[in-house]
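J.: Sharing a sequence plus its predicted fold:
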Amino acid sequence: MLRYPAIHAARDARSPNRPPPPPAPAPPSPAADTITVLIVDDETALRNALLRYLGRRGIQGHGVADGADALRALEQREFQVIISDVRMPGMSGREFMERLRRDRPDLMARLIFSTGDTFAPDTAALIKEAALPTVTKPFDFGELERVIRRVAAEADRRRPMASA
């Protein structure tokens with residue numbers, strides 16, 4: 001009797017007595033090293049553009065319109081990086097920074113300021129006083145991403161190791 005391996009293999013695969021093939025591997029879960037960024041900016045269009053850009057670059061973003069919303073978001077979850085506009089209605093970037101410094105000093109190393117007003121004396125003084133990374137508007141998205149990745153890496157190095 002002639003045996004044709006391809007035909008018999010196909011028939012054997014349909015056999016009810018044959019064990020089912022192993023399940024396909026599960027899709028990968030989000031990478032543990034995904035960077036999470038909180039964007040604090042009252043300009044909705046800019047905030048949404050940043051979120052879209054960062055998402056395409058594999059950076060998970062969450063946006064809020066002011067410092068008070070940012071403080072609430074920080075109570076709910078952890079972010080590796082926080083980008084805050086300097087000039088916002090309600091709680092300004094300076095007030096937001098001061099609240100972080102007072103209530104969550106562990107987050108100060110994660111803060112990046114963004115501003116389109118670096119020449120105003122009060123903004124220039126804040127940037128100098130805060131000694132934080134600052135990105136200027138309009139953004140160079142490549143530079144912004146480099147700053148985000150650097151701040152995230154530094155924040156991860158400072159994070160205490162979990163005890164076993």
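T.: The structure has been received and is ready for your questions. On a predicted model such as this, the values are computed, not experimentally measured, just so you know.
J.: drop to CA atoms for contacts and neighbour counts, all remaining ones
T.: OK.
J.: Now tell me which helix or strand of the chain has the poorest mean pLDDT.
T.: Lowest mean confidence among the helices and strands of the chain (mean pLDDT, DSSP states H and E): helix 5-14, at a mean of 50.
J.: For the residue most central in space within the chain, grab phi and psi.
T.: Central residue of the chain (Cα atoms, centre = their mean): Thr36, 2.2 Å from the mean position. Per-residue torsions, Thr36: phi -110, psi 130 (degrees, to the nearest 10).
J.: Kindly report the same for Asp117.
T.: The phi/psi pair for Asp117 (degrees, to the nearest 10) is phi -130, psi 50.
J.: Give me the pLDDT value at the closest residue to it other than its chain neighbours.
T.: Take Asp117 and drop its neighbours on the chain: the residue closest to it by Cα to Cα, 6 or more residues apart in numbering is Thr123, 6.7 Å away. Per-residue confidence (pLDDT) for Thr123: 73.
J.: hang on, Thr123 packs against Val86?
T.: Yes. Under the criterion of Cα atoms under 8 Å, Thr123 makes contact with Val86 at 7.4 Å.
J.: So between those two, which is more surrounded?
T.: Taking neighbours as other Cα atoms under 10 Å, Thr123 and Val86 compare with Val86 leading, 27 against 18.
J.: list the contacts for the more buried one?
T.: With contact set as Cα atoms under 8 Å, 6 or more residues apart in numbering, Val86 has these partners: Ser92, Gly93, Arg94, Phe113, Ser114, Thr115, Thr123.
J.: Among those, which one sits closest to Tyr53?
T.: Taking Cα to Cα as the measure, Tyr53 sits nearest to Ser114 out of the contacts of Val86, at 15.9 Å.
J.: Could you list the low-confidence segments of this protein?
T.: Residues of the chain meeting the criterion pLDDT under 70: 1-32, 159-164.
J.: now the helices: where do they sit in it?
T.: Taking DSSP state H to define them, one finds helices in the chain at 5-14, 44-56, 67-76, 93-103, 121-130, 141-158.
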